[in-house]
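Trainee: pasting the structure only:
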């Protein structure tokens with residue numbers, strides 16, 4: 001899994017180039033849709049959230065991510081449905097792609113060439129954007145997040161929803177490569193931000209909050225990667241929403257630690273993912289949330305997005321989150337690659 005995470009920068013470049021070569025620019029000639037609906041599950045659905053985050057609040061049309069077997073009732077011929085699956089064979093996603101065709105929606109599919117999704121796009125005269133394998137990436141779909149995200153960003157750029165030029169793509173790739181260098185296995189824990197994050201996560205129940213759409217997408221990514229890589233529970237949310245419910249957990253039993261107890265205890269730890277683009281009121285809420293946690297003895301870790309372009313800032317947080325989750329798994333002696341419970345559930349459903 002570590003070599004797979006290390007290929008993130010290459011994934012950004014390769015996937016963006018593949019989308020351009022597949023003819024994503026043709027979408028501009030078809031006009032802007034009423035809404036853009038991303039259909040996917042797991043990391044593929046998160047790519048839709050990342051798309052919306054990078055496009056920002058000024059985007060002129062709704063960008064909606066659907067994680068289900070059914071499209072919302074309002075989706076129709078005026079909308080663009082983008083079905084995303086790294087394998088191109090995810091059950092829920094193929095069902096949504098077929099439903100989009102039946103409703104007369106424009107369809108773009110993102111997945112492995114020659115997959116069921118690619119066939120649906122071909123049969124409906126839709127556009128298929130390939131998920132291209134990168135040498136060294138062997139960790140499954142969750143280790144190829146940028147392979148599904150970059151085609152969406154290339155599509156958004158073609159539709160005039162975001163400015164994702166080559167400079168932004170290169171800045172994000174370079175940022176991920178810098179993280180890979182600093183988080184390399186030979187780097188000691190005290191100078192390795194991925195190992196440091198894993199140490200802060202270990203033995204805690206992480207409550208992860210983002211302060212902007214970009215930071216929240218990264219918070220979701222960190223929680224999901226902890227689940228699948230380290231088999232570890234986590235809670236994620238966004239300020240200000242988290243200040244209306246999750247913050248109350250700071251007054252609960254899991255916020256207390258019995259440091260003199262005979263058995264190990266797990267308590268909350270607050271992780272705040274920060275972004276330069278946070279609303280002024282969110283900034284005030286963040287500062288005071290941290291103070292409230294400190295007042296109750298709940299440890300706090302803060303991670304700040306780096307870079308000028310939204311894509312680079314997102315990459316700076318996601319890259320670190322991916323490494324932290326893998327190092328936490330390895331610290332517990334867990335192989336992060338298998339997803340046994342997911343495979344077992346799929347097997348039971350298919351019977």
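Mentor: Arrived safely. Remember, predicted model here, so these are calculated numbers, not experimental data.

Trainee: going forward, measure contacts and count neighbours with C-alpha atoms only.
Mentor: Will do.

Trainee: got the contact list for residue 213?
Mentor: For residue 213, the contacting residues are 52, 53, 56, taking CA atoms under 8 Å, 6 or more residues apart in numbering as the criterion.

Trainee: try 7 Å this time
Mentor: By CA atoms under 7 Å, 6 or more residues apart in numbering, the residues touching residue 213 are residue 53.

Trainee: for the one 4 residues further on, same thing?
Mentor: Contacts for residue 217 were tallied using CA under 7 Å, 6+ apart; they are 49, 50.

Trainee: What is the three-state secondary structure of it?
Mentor: Residue 217 carries the three-state label helix when classified by DSSP: H, G, I helix; E, B strand; the rest coil.

Trainee: Could you report the distance from it to residue 53?
Mentor: In this structure, residue 217 and residue 53 are 7 Å apart, going by CA to CA, to the nearest Å.

Trainee: burial of residue 253, as a residue count?
Mentor: Residue 253: 10 surrounding residues under other CA atoms under 10 Å.

Trainee: Kindly apply the preceding question to residue 89 instead.
Mentor: Other residues near residue 89 come to 17 when the count uses other CA under 10 Å.

Trainee: From the opening residue of stretch 183-203 to its closing one, how far?
Mentor: From its first residue to its last, stretch 183-203 covers 21 Å (CA to CA).

Trainee: Give me the mean pLDDT for it.
Mentor: Taken as a whole, stretch 183-203 carries a mean pLDDT of 95.

Trainee: Pull out the buried positions in that stretch.
Mentor: Counting neighbours by 16 or more other CA atoms under 10 Å, one finds that the buried residues in stretch 183-203 are 183-184, 192-202.

Trainee: Let me see the ranges of the helices in the stretch 251-351 of the chain.
Mentor: Per DSSP state H, counting those that start in this stretch, the stretch 251-351 of the chain has helices spanning 280-295, 310-331, 340-350. These are given in chain order.

Trainee: and residue 273, which of those helices is closest to it?
Mentor: In terms of CA to CA, the element of the helices of the stretch 251-351 of the chain nearest to residue 273 is helix 310-331, at 7.8 Å.

Trainee: That closest one packs against which elements?
Mentor: Identification of packing neighbours for helix 310-331 by 3 or more CA pairs under 7 Å, 6 or more residues apart in numbering; DSSP states H and E yields helix 2-6, helix 166-182, helix 193-201, helix 213-230.

Trainee: For the stretch 1-150 of the chain, which residues score under the pLDDT cut-off?
Mentor: 139 (pLDDT under 70).

Trainee: That one: strands as residue ranges?
Mentor: According to DSSP state E, counting those that start in this stretch, the stretch 1-150 of the chain carries its strands in the segments 36-39, 63-66, 80-84, 106-111, 127-130.

Trainee: could you check the angle strand 80-84 makes with the fourth one?
Mentor: Between strand 106-111 and strand 80-84, the angle formed by their directions is 10 degrees, by axes from the mean of the first three to the mean of the last three CA atoms, to 10 degrees.

Trainee: rewinding a little: tell me which of the strands of the stretch 1-150 of the chain is the most buried.
Mentor: Most buried of the strands of the stretch 1-150 of the chain by mean neighbour count (mean count of other CA atoms under 10 Å) is strand 80-84; its value is a mean of 30.

Trainee: Check which helices and strands that one sits against.
Mentor: strand 36-39, helix 91-103, strand 106-111.

Trainee: Same list (the ones you listed) but as TSV, adding distance to residue 282.
Mentor: Rendered in TSV, the data for these read as follows (distance: least, CA to CA, whole Å):
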stretch	distance to residue 282
strand 36-39	27
helix 91-103	35
strand 106-111	35
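
Trainee: To residue 244, which of the ones you listed lies closest?
Mentor: Ranking the helices and strands packed on strand 80-84 by their distance to residue 244 (criterion: CA to CA) puts strand 36-39 first, at 28.1 Å.

Trainee: Can you list the strands that that closest one pairs with?
Mentor: For strand 36-39, the pairing partners within the sheet under DSSP bridges are strand 63-66 (parallel), strand 80-84 (parallel).

Trainee: now what about it, what contacts it?
Mentor: By CA under 7 Å, 6+ apart, the residues outside strand 36-39 that reach it are 45, 48, 62-67, 79-84, 93, 96.

Trainee: go again using 8 Å as the cut-off
Mentor: The contact list for strand 36-39 (CA under 8 Å, 6+ apart) reads 45, 48, 61-68, 79-84, 93, 96-97.
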